[in-house]
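*Asks:* Quick one: sequence and predicted model below, then my questions.
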Amino acid sequence: MQSYKVTLLSGDGIGPEITSVTKRVLLLISKKYDFDLKFIEMPFGGAAIKNDGVPLPETTLQECKNCDAVLLAAIGDPKYDQLPREKRPETGLLKLRSSLDLFANLRPVKIAPPLIKASSLKEDYINKVDLIVVRELTSGIYFGEPKGRIKTEAGERAFNTMTYSSDEINRIAEVAFEVAKQRRRKICSVDKANVLDVSQLWRDQVTLISEKFKEIELSHQYVDNAAMQLVRNPCQFDVILTSNLFGDILSDIAAMLTGSIGMLPSASLTKKGPGLFEPVHGSAPDIAGKNLANPIAMMLSAAMMLKIAFKETNAANHLEKAINEVLAEGYRTADLSSSDDNKLVGCFEMGDLIAEKIN
Ligand code: IPM
Ligand code: MN
């Protein structure tokens, strides 16, 4: 029997709740499709800070390097915002991404038909949305040097550096073109080339790479325009290729097309080595421990793991179908609830309903 080792990072806030329901559903799916999943649960984020003083302990990083895939819920809590930057949960996540060289972040955005009414946008604009954000994840302004804060005579000054090398742009562009081949063969590359040198290099390199992919239609948009286009006419997009910071911002906008950020999964991939699968949303500390969280983004991330990391396509499709069926029956967590006809359920009940569809 095929066996896969999954490092499970439940993290902070709603992380433990959504992890427990996702794990249960994954175990059911693995039984049904005859493969074995071994979960190694490791501390990460706030939980790790409490015990080890750092958000990404060395033992956790080693497990992540030595498994077949990493499944992460969410990290972050305002109570750590006062810590020095290197001790904050978010820094642990950046270190994990960079240590595993997870340069390619895929964030698919597709509307589940039963949720059309949960979006704040009108039905006609969103019912055919099917796009994917390909975000560069290990460079750009998130990692650029120099960065820091210095005291000056006039007070303080702080700075970060937005930087990309041609190689870094080429490799993420290649991923986007390969993804586009499997889809509707359209890429929109998003930058700010009218102002930033780093963006002009981005645009030049993406254009160069496109020579190798004649069958793909390439267009470019400035990031301010792209933000507007995402809410004005989101159906124009197939693949959105963009840098680390712009991808972070645009994927939150794109998430709201689907009704809730609680619906959006992601995969962070490298050329060789384990990928990291995590929901796009954060740890939502305000609703943590209250059985209010939506576990679907994490379950859809788990489905991406089954499909991309393990090639267990039937199992992944079954999980996605189970989720859609439960939504079609009208069950909603609070973030998705738009009218009185919905059947409002908690995180654990949502997990139970989805589990019932896997038999
Ligand atoms: C995301 C998150 C992270 C990011 C944070 C938690 C560091 O917002 O994955 O989109 O900015 O990349
Ligand atoms: Mn984000």
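*Replies:* Noted; the coordinates are in hand. Ligands and ions are numbered 1, 2, ... in the order given.

*Asks:* Quick check: Ser219 touching Ala180?
*Replies:* No - applying Cβ atoms under 8 Å as the test, Ser219 and Ala180 come out as separate, 11.7 Å apart. Using the backbone N, CA and C atoms, a C-beta is placed for each residue, glycine as well.

*Asks:* Looking at those two, which is more packed in?
*Replies:* Ala180 (22 against 11; other Cβ atoms under 10 Å).

*Asks:* helices or strands up against the helix or strand the more buried one falls within?
*Replies:* In this structure, Ala180 is located in helix 166-181 according to DSSP states H and E. Contacts defined by 3 or more Cβ pairs under 8 Å, 6 or more residues apart in numbering; DSSP states H and E place helix 166-181 against strand 104-110, strand 130-136, strand 186-191, helix 197-210, strand 239-242.

*Asks:* what's the average pLDDT for stretch 283-302?
*Replies:* The pLDDT scores in stretch 283-302 average 97.

*Asks:* how close does the residue lying closest to Ile253 once chain neighbours are set aside sit to Gly53?
*Replies:* Distances taken as Cβ to Cβ, 6 or more residues apart in numbering put Leu230 closest to Ile253, at 5.0 Å, once the chain neighbours are dropped. Leu230 sits 40 Å away from Gly53, taking Cβ to Cβ, to the nearest Å as the criterion.

*Asks:* cool, Ala112 as well?
*Replies:* 41 Å.

*Asks:* Please identify the buried residues of the longest helix anywhere in the chain?
*Replies:* Counting by DSSP state H, the longest helix found in the chain is helix 15-32. Within helix 15-32, the residues that count as buried by 16 or more other Cβ atoms under 10 Å are 15-19, 21-26, 28-30.

*Asks:* Likewise for stretch 39-57?
*Replies:* Of all the residues in stretch 39-57, those buried under the rule 16+ other Cβ under 10 Å are 39, 42-49, 54-57.

*Asks:* Touching, Thr19 and Ala73? I think so.
*Replies:* Yes - counting by Cβ under 8 Å, Thr19 does reach Ala73; the two are 4.6 Å apart.

*Asks:* Mutual contacts of these two, please.
*Replies:* 10-11, 298 (Cβ atoms under 8 Å, 6 or more residues apart in numbering).

*Asks:* Which member of the residues you listed is positioned nearest ligand 1?
*Replies:* Gly11 (10.1 Å; Cβ to the nearest ligand atom).
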